[in-house]
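**Student:** sequence and predicted model, in that order:
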Amino acid sequence: MYKAQHFEKYNLLNGVWDEMYNENSIVRDHYKKVIEYLALESPDDLNKKEELAKRLFMTQGITFTVYNSGEGIEKIFPFDIIPRIITAEEWAFVEKGIKQRLTALNLFLKDIYHNQFIIKDGIVPIDIVYSCPHFLREMYQLDVPYDVYVHIAGIDLIRDHDGTFYVLEDNLRTPSGVSYMLENREITKRLFPDLLPNCAVRSVTEYPSILYKNLLSLSPRQISNPTIVLLSPGIYNSAYFEHTTLARLMGVELVEGRDLVVNNHKVYMKTTTGLQQVDVIYRRVDDEFLDPLVFNPNSVLGVAGLMGAYRKGNVAIVNAIGNGVADDKATYIYVPDMIKYYLNEEPILKNVPTHRLSNPDEREHVFKNINKMVVKKTNESGGYGMLMGHASTEEEIEKYKLEILKEPRNFIAQPTISLSAAPCYIGGILQPRRIDLRPYALCGPDGIQIVPGGLTRVALTEGSLVVNSSQGGGSKDTWVLA
Amino acid sequence: MLSRVAASFYWLSRYIERSDGILRMLKINYASSQDSVAGFTWEPVIQIFSGPDEGLIEKLKNDSRAVLKYMVVDKENTNSILNIITLARENARSVQEHIPKDLWQCLNEYYHTVKEPKIASALKKEDPIGILDVLIKQVMLYYGTAEITMERGQARSFMNIGKYLERAIQSIDILDIKYGPTNNNPNLLTDITYWKHLLQSIGGYELYQKTYRDGLEAQNVIEQIILNNDFPRSVIYSVNNIQRYFDRLKNNSNVNDYREISFHIGKLQSNIKYSSVKSIGQVGLHEFLTQIKDDLYQIGNSLNEYYFANS
């Protein structure tokens, strides 16, 4: 172990993969340069860097909103100054795995909304698809440009005790967090001058231009300057900062539902010079709020008639509508089978073993071993509605069980995966905390591109396994080495 | 440009200008409250920004610290600096991607400065002028940054229209309310300190000294505040600028809508330009100012209808 003051008390967690130390408490090669740099800094210097990071986030307004009892409170997304480092080999593996998985998921969506071969061939059970609330009949037999449904995917990865990568969930609807990938890097540049080039860290700045290029290619009108907009629910949305950042970086207009209007199956935005036709919508509004005429009639976030314009092919929507059927946690179980079925390949990235609670045998097994299980709702995200077996009281478990029995289809269970740990600077010393990884994959007409990096989320509370920002998680800059 | 975005720029700017006006006025009025043997009252200030609420005026009019707290950090007061800046920031937040990052950071810092608990406690215990200066500096930083970083396009035009509209309304209100009491108390017309404070509160005292060598007189003060082309807080200067920035929207506007508002602004401009202190006196100062204010509101409403798509 290292001999600087702030390294002394680093307690390796038992049975947990540590990103920095190997099992003999020796620093892994790819962390060496950073550790040498940190060892030369006094805790005082590091405290100052932490302060600087906080101040930069605050003055730049990089904040999100948490809604508690009806009142919105603006917070900084907690940021840990120590970067998480991924080697070139690890990244090459992850990149290949995500590309394979995303290719299969896109094929699945096309299939499921057209011929449904995968159901007819008995690979995916019909009830999984038809009982999913995100399976939308409105999408049936609708062709989307280049057969791409998932233009932006945020696939969550975790590492088990031996360092193996697992896919925790596929986020194929409106995955968020990419602005933090970009901002964290900007902050790190300020905190550790020269360290990034010295370590040969690959750049992530290309993300907005790749996304922009993809959006441009989707325009239904063949004109030189199509109108691309980013549709946001508005400033009270917790991800609003991200929406403005992306709009700014791509140079596209940020709109809200009230800025748009549909006339004769075409979408227009209201400008100071009259109506202007919109060609591509990168929407950050969920399916059910997009069009009050088709989905939730009480929604004011969407645009009346949008679905009609979409079906006519007069506007491209990104991500496609109805993707939820593919990232539903019950569908997740079948993704390895999809890869084999559509691509005739062995899955590169593993799934976490998952039990369907609608199956009585599996349910019984889960109930027996509930202390070693995590139970999740199939259509919730953000860490809501979860039961962590090992950390719950008898009473909570019983209550949850009753809920499961009411609607077993809505639940899955997974064995508690330990999640790898990375060093964080907390309270003046380095301490291990659990992390995950969300790389952002962009799918356009020319294939899938993944910027080398992503969002590393970290469970800042000691012993916690929940990394979601809405549940007290933070983030780190994520380095992929060249 | 999106109608909603244009509206946000306009309102952002109005709120910033309002906060600037309020801070400067508080500073001078506080100074004069320390400089008068008897009879200083905050009544006009409270009236301008909170309306004729008798109970409130009675409670606050002789308590400088309480007024400062009420006007700067009180959450219940819709026109407190805290609330105004929160609104300005909300507007800016919704158009973040159109604002230079530097400017957004400036505004954000202004907001966080006002929110700091030590501002409230310092207003109570320390030198209030120092605190007001800290805040005024934030506004000046904002204006400087806007001047240097804002692209010379539509957004800036809407911002400046909002700014000068707000400024004109403020100058009118301040003059109107200060002049009111002279009806019952003609002695005030020649009270030097009375007019000096008015001029100082809108930053026009030095200019006055240079222009009128023969001491302070109500007639000259009125002339400067309404008709002086070189005084950046005069009504005519503000209206000229509204006209100037509105003119720049010409090329990217619907011609009919543009013409209608342009006509209205031009008419208002001429009305002021071809007035004199004497002719204003014949109409009555209060009536004259009310008419101009109505016209300004009318212009605001037309913008709202034709450019911001809120009808």
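**Tutor:** Received it, and whenever you're ready, just let me know what you need.

**Student:** can you tell me the SS state at residue A:75?
**Tutor:** strand (DSSP: H, G, I helix; E, B strand; the rest coil).

**Student:** what's the distance between it and chain B?
**Tutor:** 14 Å (C-beta to the nearest C-beta, to the nearest Å). Using the backbone N, CA and C atoms, a C-beta is placed for each residue, glycine as well.

**Student:** let's see the pLDDT reported for that residue.
**Tutor:** Note on residue A:75: pLDDT of 74.

**Student:** my read is that it contacts residue A:63, right?
**Tutor:** Yes - here residue A:75 reaches residue A:63: they are 6.1 Å apart, a contact under C-beta atoms under 8 Å.

**Student:** the two: which is more packed in?
**Tutor:** Higher neighbour count among residue A:75 and residue A:63: residue A:63, with 18 against 13, using other C-beta atoms under 10 Å in any protein chain shown.

**Student:** for the residue nearest in space to the middle of chain A, helix, strand, or coil?
**Tutor:** Nearest to the geometric centre of chain A sits residue A:154, at 3.7 Å (C-alpha atoms, centre = their mean). With three-state DSSP as the basis, residue A:154 sits in strand.

**Student:** so what's it up against?
**Tutor:** The neighbours of residue A:154, taking C-beta atoms under 8 Å, 6 or more residues apart in numbering or on different chains as the test, are A:171, A:175-178, A:438-441, A:455.

**Student:** how about residue A:95?
**Tutor:** So residue A:95 contacts A:439, A:450, A:452 (C-beta under 8 Å, 6+ apart).

**Student:** name the element it belongs to?
**Tutor:** Per DSSP states H and E, residue A:95 falls inside helix A:88-112.

**Student:** pLDDT of the next helix or strand after that helix, averaged?
**Tutor:** Toward the C-terminus, helix A:88-112 is succeeded by helix A:117-120 as the next helix or strand (DSSP H and E). In this model, helix A:117-120 has an average pLDDT of 96.

**Student:** repeat for stretch B:47-66
**Tutor:** 87.

**Student:** helix or strand: which one has residue A:458?
**Tutor:** With elements taken from DSSP H and E, the one containing residue A:458 is strand A:456-459.

**Student:** show me what that strand is packed against.
**Tutor:** Here strand A:456-459 touches strand A:79-86, strand A:421-426, strand A:429-435, strand A:473-480, going by 3 or more C-beta pairs under 8 Å, 6 or more residues apart in numbering or on different chains; DSSP states H and E.

**Student:** output the helix or strand of chain B with the lowest mean pLDDT as CSV, nothing but the C-alphas.
**Tutor:** Lowest mean confidence among the helices and strands of chain B (mean pLDDT, DSSP states H and E): helix B:192-201, at a mean of 83. Only the C-alpha atoms of helix B:192-201 are listed here, as CSV (Å, rounded to 0.1, in the frame of the first residue of the first chain):
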residue,chain,number,x,y,z
ILE,B,192,-32.6,71.2,-2.0
THR,B,193,-32.1,68.0,-0.1
TYR,B,194,-35.4,66.6,-1.3
TRP,B,195,-34.4,66.8,-5.0
LYS,B,196,-30.8,66.0,-4.4
HIS,B,197,-31.8,62.6,-3.0
LEU,B,198,-34.1,62.0,-6.0
LEU,B,199,-31.3,62.7,-8.5
GLN,B,200,-28.8,60.7,-6.6
SER,B,201,-31.1,57.7,-6.3
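
**Student:** on that earlier part again, could I get the buried residue list for the helix holding residue A:95?
**Tutor:** Across helix A:88-112, burial judged by 16 or more other C-beta atoms under 10 Å in any protein chain shown covers A:90-91, A:94-95, A:97-112.

**Student:** got it, and stretch A:174-188?
**Tutor:** Buried residues in stretch A:174-188 (16+ other C-beta under 10 Å): A:174-185, A:187-188.

**Student:** what about it, distance to the chain center?
**Tutor:** Centroid separation between stretch A:174-188 and its chain, computed with C-alpha atoms, centre = their mean, to the nearest Å, is 11 Å.

**Student:** what mean pLDDT does it get?
**Tutor:** Computed over stretch A:174-188, the average pLDDT equals 94.

**Student:** that one and chain B in contact?
**Tutor:** No - judged by C-beta under 8 Å from any C-beta of the partner chain, stretch A:174-188 makes no contact with chain B; its nearest approach is 10.7 Å.

**Student:** just for chain B, where's the confidence low?
**Tutor:** Within chain B, the stretches with pLDDT under 70 are B:36-38, B:252-253, B:311.

**Student:** circling back: quick check: neighbours of the strand holding residue A:458 in the sheet, parallel or antiparallel?
**Tutor:** Partner strands for strand A:456-459, per DSSP bridges, with pairing direction: strand A:429-435 (antiparallel), strand A:473-480 (antiparallel).

**Student:** now that strand: average pLDDT?
**Tutor:** On average, strand A:456-459 scores 94.

**Student:** buried sites along that strand?
**Tutor:** For strand A:456-459, by 16+ other C-beta under 10 Å, it's A:456-459.

**Student:** measure how buried residue A:301 is and give me the count.
**Tutor:** With other C-beta under 10 Å as criterion, residue A:301 counts 21.

**Student:** contact partners for it?
**Tutor:** Contacts of residue A:301 (C-beta under 8 Å, 6+ apart): A:233-234, A:256-257, A:285, A:289-290.

**Student:** 10 Å - rerun?
**Tutor:** A:231-234, A:237, A:256-258, A:283-286, A:288-290, A:292 (C-beta atoms under 10 Å, 6 or more residues apart in numbering or on different chains).

**Student:** buried subset of those residues?
**Tutor:** Buried, going by 16+ other C-beta under 10 Å: A:231-234, A:237, A:256-257, A:283-286, A:288-290, A:292, out of those.

**Student:** from these, pick out the ones that also neighbour chain B.
**Tutor:** Near chain B, judged by C-beta under 10 Å from any C-beta of the partner chain, the entries from those are A:232, A:234, A:256.

**Student:** list the contacts for the second one?
**Tutor:** By that I understand residue A:234. Taking C-beta under 10 Å, 6+ apart, one finds A:240, A:243, A:254-258, A:285, A:300-301, B:4, B:94 in contact with residue A:234.

**Student:** with secondary structure added, can I get the contacts of residue A:154 in TSV?
**Tutor:** Below are the contacts of residue A:154 laid out as TSV (three-state DSSP):
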residue	secondary structure
A:171	strand
A:175	coil
A:176	coil
A:177	coil
A:178	helix
A:438	strand
A:439	coil
A:440	strand
A:441	strand
A:455	strand
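
**Student:** closest to residue A:334 out of the residues you listed?
**Tutor:** residue A:171 (16.9 Å; C-beta to C-beta).

**Student:** give me the number of residues near that closest one?
**Tutor:** 21.

**Student:** reformat the buried residues of strand A:456-459 as JSON lines; add distance to residue A:399.
**Tutor:** Shown next, in JSON lines, are the buried residues of strand A:456-459 (distance: C-beta to C-beta, whole Å):
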{"residue": "A:456", "distance to residue A:399": "33"}
{"residue": "A:457", "distance to residue A:399": "28"}
{"residue": "A:458", "distance to residue A:399": "30"}
{"residue": "A:459", "distance to residue A:399": "24"}
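
**Student:** so where is chain A shaky, pLDDT-wise?
**Tutor:** Using pLDDT under 70, the flagged stretches of chain A are A:1-5, A:64-74, A:381-383, A:470.

**Student:** got the angle for the helix or strand where residue B:32 lies vs helix B:192-201?
**Tutor:** Using DSSP H and E, residue B:32 sits within helix B:3-33. If you take axes from the mean of the first three to the mean of the last three C-alpha atoms, to 10 degrees, helix B:3-33 sits at 150 degrees to helix B:192-201.
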